[in-house]
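Engineer: below is the structure, and that's it, no one-letter string:
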């Protein structure tokens, strides 16, 4: 488990170092948007293919391939004509790492401790975004983008050492295949709605609030999400899914008062807590009902699709309604999934 966390964190640190730095390096909105679109296209395409790759080649080889795709191509980013194909390759590497890493947690951890293992893994893969996003921007502005590209190209390769020592497993087939279809729909819809709210908040809060206020609120969210995911892994059973949805809805709903510092910071903190708990519980429920590779691919696709629809699709709505009412409508969308959680009272489990 420690080797898996090190391998995944190395790959994701290389990814997040460039996530905001590449758009700034390119300089104009059209080029930045095309690079991000290529990145996400590569991610989604490989997420769909990872279950098949895992069943054919096993976790160790596939995860190592993902790290290679995330790292060395970054070294060629000074050649601006190659940014789009490089972004496509890096997106493919990201799709492999997030799906294979999450699925391998389910394979390595006994079922009775799976939620705890997923929570700990969530912290390991959450920290790179907290470090990499601001570091990539700061280093690009103060040291130049060349050193950032080199660092982002080499860091994922460090994870290859850990990946090489992982067990050479292939996904185990779920014993009850009758559960692997119907039982996955509800948690996917719930998590997709919460991820949509995350895409809206992260994309539009910097436009709706002052830069300093938005930065403070997003920092609170980025810190609380992995912490809540870890807490849920240790203490929260499936009955906490309903409260996590309520917290996420209430948090994004508070952004209606985007001119009020208390509402913005408290709202994003509350949303971050609900988002983290929902991440862990939906994954745990899905792994109980389906094969690890397929579940991981579906969950990560819900994450990316929800974030993408929130960032792009809701932009049209925000343009018509304004930011405050748009945030309120998103809160309603999240609340609409509450019946799918079972709506039971929370219980503490260990």
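Structural biologist: Noted; the coordinates are in hand. Remember, predicted model here, so these are calculated numbers, not experimental data. Numbering: from 1, shown residues only.
Engineer: pLDDT score assigned to the spatially most central residue of the chain?
Structural biologist: Central residue of the chain (Cα atoms, centre = their mean): residue 303, 6.2 Å from the mean position. As predicted, residue 303 sits at a pLDDT of 88.
Engineer: from residue 326, how far off is the nearest residue to it once chain neighbours are set aside?
Structural biologist: Spatial nearest neighbour of residue 303, chain neighbours left out: residue 195 (5.0 Å); criterion: Cβ to Cβ, 6 or more residues apart in numbering. C-beta: built from backbone N, CA, C; applies to glycine. For residue 195, the distance to residue 326 (Cβ to Cβ, to the nearest Å) stands at 17 Å.
Engineer: of the two, who's got more company?
Structural biologist: residue 195 (26 against 23; other Cβ atoms under 10 Å).
Engineer: please name the residues that touch the more buried one.
Structural biologist: Neighbouring residues of residue 195 by Cβ atoms under 8 Å, 6 or more residues apart in numbering: 302-307, 310.
Engineer: before we move on, the earlier item: spell out the secondary structure type for the residue nearest to residue 303.
Structural biologist: Three-state assignment for residue 195 (DSSP: H, G, I helix; E, B strand; the rest coil): helix.
Engineer: and the residue nearest to the centre of the chain, that one's in a strand?
Structural biologist: No. Counting by three-state DSSP, residue 303 falls outside a strand, being helix.
Engineer: you'd agree it is up against residue 191?
Structural biologist: Yes. Counting by Cβ atoms under 8 Å, residue 191 is a contact partner of residue 303 at 7.2 Å.
Engineer: okay, helices next: where are they in this protein?
Structural biologist: With DSSP state H as the criterion, the chain has helices at 2-19, 21-26, 29-57, 59-70, 83-108, 114-142, 145-163, 182-208, 211-235, 241-254, 261-289, 292-308, 314-321, 323-335.
Engineer: other SSEs contacting the fifth one?
Structural biologist: Using 3 or more Cβ pairs under 8 Å, 6 or more residues apart in numbering; DSSP states H and E as the contact test, the elements touching helix 83-108 are helix 2-19, helix 21-26, helix 29-57, helix 59-70, helix 114-142, helix 292-308.
Engineer: go with 7 Å
Structural biologist: Applying 3 or more Cβ pairs under 7 Å, 6 or more residues apart in numbering; DSSP states H and E, we find helix 83-108 packed against helix 2-19, helix 29-57, helix 59-70, helix 114-142, helix 292-308.
Engineer: now the last one
Structural biologist: Where contact means 3+ Cβ pairs under 7 Å, 6+ apart, helix 323-335 is packed against helix 182-208, helix 241-254, helix 314-321.
Engineer: mean pLDDT for those helices: which is lowest?
Structural biologist: helix 314-321 (a mean of 77).
Engineer: list of residues touching it?
Structural biologist: 200, 204, 326, 329-330 (Cβ atoms under 7 Å, 6 or more residues apart in numbering).
Engineer: chain center to the helix-or-strand element of the chain with minimal mean pLDDT, what's the gap?
Structural biologist: The helix or strand of the chain with the lowest confidence, counting by mean pLDDT, DSSP states H and E, is helix 314-321 at a mean of 77. Counting by Cα atoms, centre = their mean, to the nearest Å, helix 314-321 is centred 24 Å from the centre of its parent chain.
Engineer: buried residues, that helix. List them.
Structural biologist: 314, 318 (16 or more other Cβ atoms under 10 Å).
Engineer: and the angle from that helix to helix 182-208?
Structural biologist: With axes from the mean of the first three to the mean of the last three Cα atoms, to 10 degrees as the basis, helix 314-321 and helix 182-208 are set at 50 degrees to each other.
Engineer: quick one, which of the helices and strands packed on helix 83-108 gets closest to residue 157.
Structural biologist: Closest to residue 157 of the helices and strands packed on helix 83-108, according to Cβ to Cβ: helix 59-70, at 6.9 Å.
Engineer: that closest one packs against which elements?
Structural biologist: Contacts defined by 3+ Cβ pairs under 7 Å, 6+ apart place helix 59-70 against helix 2-19, helix 29-57, helix 83-108, helix 145-163.
Engineer: so where is the protein shaky, pLDDT-wise?
Structural biologist: Across the chain, the ranges flagged by pLDDT under 70 are 28-29, 33, 173-182, 315, 343-350.
Engineer: nothing else from me, thank you.
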